[in-house]
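1. Sharing a model prediction with you, sequence too.
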Amino acid sequence: MSKMLEEIREQPSALERTLKEELGEIERLRERLLKRKPRLVMLAARGTSDNAAQFGRYLLEITTGIPVSLAAPSIFTLYNASVQFDDVLVIAISQSGESTDTNRVLERAKEQGALTIGITNEPASSLARLAEHTFLVRAGKEKSVAATKTYTGQLLVLYLVAYALGAAIHTDDLARLADWANTALGLESEIGERSERYRFMNQAVVIGRGLNYANAFEFALKLMETCYVVAERFSAADLMHGPIAMVEASFPAFLFTPPGVTWPGMRDMIEKLAQLQAEAMIITDRSNSEALKLASRSICLPLTLAEMYTPIPYIIPAQLFAAQLASQKGLNPDQPRTLSKVTRTM
């Protein structure tokens, strides 16, 4: 069994531990932020952590109304530009805490007076030392190069940051995420059987919108780094603006289709893919009965979820799919070629 698969299975306990250990510090941050909210939030990250940041952008803007920017680290590392950070909250996200360019963004922001937060799995890391407030993804050592439990842990901490900024997010709902993650793990055998069909897949598209847009990026990344599948990721809207031309009969497409405001657009996407005779599979839950009727292939969580809390339960089936598909392709998902656990770029 791969370490990736083992670590996917550890997510319920990691989520439970993270919430329990970090909630107190989040409450203290909440007291500070409610007295003076930032005018802007900037998120800095790379790789899987950047996908988590993409989720954070949607979550924070939707729930707090505060504009959110995704940092372009080369502005600081290559162009040495001066950026105004008055009343800005800068959040750096890194599994290892040793991402050079991410840390440089945080360092420059701190020098300019920004309030800084670090989200990492490593308490002794450079990021943890740099940030004014550090929140730990208490996932335990992640040995597989392919990040899984740290990704969902980062999403959980971003929910907590939204809560600290005054979002109408209830910690009781966050406490249920571990149980929902455990339910998603119950689909492992079914997903293994479904993934066999895709053993010879070399290319695919992954589609999501809103809060699950980040999951489209993360699922595609897992397919690329562990299965060597050329996986393009799109919102349903962006795919229709040109790239849909590459989709033809039997072309694999994976869609995140929660209930809620994103569903009408995703429904149109499923119908368009059916017209093109593409090979479409959705990830959804039982509350979206229309999606289950419309899609010919689905991975359905036996849960009834509000869209707000779908990203963590929904990414777990995708992680399981990638881990098992890699094994069926005869690949080692723990050691993808040319990759290492810590990547330092400038």
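-> Received, thanks.
2. And stretch 207-223, how far out from the chain middle?
-> The chain centroid and the centroid of stretch 207-223 are separated by 7 Å, computed with C-alpha atoms, centre = their mean, to the nearest Å.
3. again with stretch 271-280
-> Here the centre of stretch 271-280 is set off from its chain's centre by 26 Å, with C-alpha atoms, centre = their mean.
4. And stretch 146-154, by the same measure?
-> Per C-alpha atoms, centre = their mean, the centroid offset for stretch 146-154 relative to its chain is 8 Å.
5. Which positions within that stretch qualify as buried?
-> 146, 147, 148, 149, 150, 151, 152, 153, 154 (16 or more other C-beta atoms under 10 Å). Every residue, glycine included, has its C-beta placed from N, CA and C.
6. With stretch 183-201 instead?
-> Residues of stretch 183-201 classed as buried: 183, 184, 185, 187, 188, 191, 192, 194, 195, 198, 201 (neighbour count, 16+ other C-beta under 10 Å).
7. and which of these is nearest residue 7?
-> residue 185 (11.7 Å; C-beta to C-beta).
8. Can you verify my assumption that residue 91 contacts residue 49?
-> No. Residue 91 lies out of contact with residue 49 (C-beta atoms under 8 Å); the separation is 10.6 Å.
9. Mutual contacts of the two, please.
-> Residues touching both residue 91 and residue 49 (C-beta atoms under 8 Å, 6 or more residues apart in numbering): residue 119.
10. any idea where the strands of the protein begin and end?
-> Assigned strands in the chain, in chain order: 40-45, 68-70, 88-94, 115-120, 133-136, 203-207, 230-234, 252-256, 279-285, 298-301 (criterion: DSSP state E).
11. next one: the first one to chain centre, how far?
-> Relative to the centre of its chain, strand 40-45 is centred 15 Å away, using C-alpha atoms, centre = their mean.
12. Alpha carbons only: can I get it in PDB?
-> Extracted C-alpha coordinates of strand 40-45, given in PDB (Å, rounded to 0.1, in the frame of the first residue of the first chain):
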ATOM      1  CA  LEU A  40      -7.500  43.500   1.900                       C
ATOM      2  CA  VAL A  41      -6.200  40.000   2.300                       C
ATOM      3  CA  MET A  42      -3.300  38.600   0.300                       C
ATOM      4  CA  LEU A  43      -2.600  34.900   0.100                       C
ATOM      5  CA  ALA A  44       0.800  33.500  -0.800                       C
ATOM      6  CA  ALA A  45       1.500  29.900  -1.700                       C
END
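13. could you give the angle of it to strand 115-120?
-> Interaxial angle of strand 40-45 relative to strand 115-120 (axes from the mean of the first three to the mean of the last three C-alpha atoms, to 10 degrees): 30 degrees.
14. residue contacts, residue 239?
-> Residue 239 neighbours (C-beta under 8 Å, 6+ apart): 205, 207, 269.
15. Next one: the closest residue to residue 328 other than its chain neighbours from residue 36, what distance?
-> Leaving out its chain neighbours, the residue that sits closest to residue 328 by C-beta to C-beta, 6 or more residues apart in numbering is residue 199, at 5.0 Å. Residue 199 is 55 Å from residue 36, where distance means C-beta to C-beta, to the nearest Å.
16. Return the most buried member of the strands of the chain.
-> By mean neighbour count, with neighbours taken as mean count of other C-beta atoms under 10 Å, strand 88-94 ranks first of these at a mean of 28.
17. Show me what that strand pairs with in its sheet, parallel or antiparallel.
-> Sheet pairing of strand 88-94 (DSSP bridges) gives strand 40-45 (parallel), strand 115-120 (parallel).
18. closest to residue 236 out of these?
-> Nearest to residue 236 among the strands paired with strand 88-94 is strand 40-45 (23.2 Å), distances taken as C-beta to C-beta.
19. So what touches the longest helix seen in the chain?
-> The residue-count maximum for a helix in the chain (DSSP state H) belongs to helix 11-35. Here helix 11-35 makes contact (C-beta under 8 Å, 6+ apart) with 89, 117, 133, 135-140, 148-149, 152-153, 156-157, 160-161, 163-166, 171, 174-175, 177-179, 181-182, 185, 312, 316.
20. Quick check, pLDDT for the residue most central in space within the chain.
-> Compute the mean C-alpha point of the chain, and by C-alpha atoms, centre = their mean the closest residue is residue 52, 4.0 Å away. Per-residue pLDDT puts residue 52 at 98.
21. List the contacts of it.
-> Residue 52 makes contacts with 45, 93, 151, 154, 155, 158, 214, 218, as judged by C-beta under 8 Å, 6+ apart.
22. hmm, try it at 7 Å
-> The neighbourhood of residue 52, defined by C-beta atoms under 7 Å, 6 or more residues apart in numbering, consists of 45, 93, 151, 154, 155, 158, 214.
23. between these, which is closest to residue 288?
-> Closest approach between the contacts of residue 52 and residue 288, by C-beta to C-beta: residue 214, at 19.0 Å.
24. looking at the strands of the chain, which is closest to residue 323?
-> Each of the strands of the chain has some distance to residue 323 by C-beta to C-beta; the shortest is strand 298-301, at 14.0 Å.
25. The closest one pairs with which strands?
-> Sheet pairing for strand 298-301, using DSSP bridges, gives strand 279-285 (parallel).
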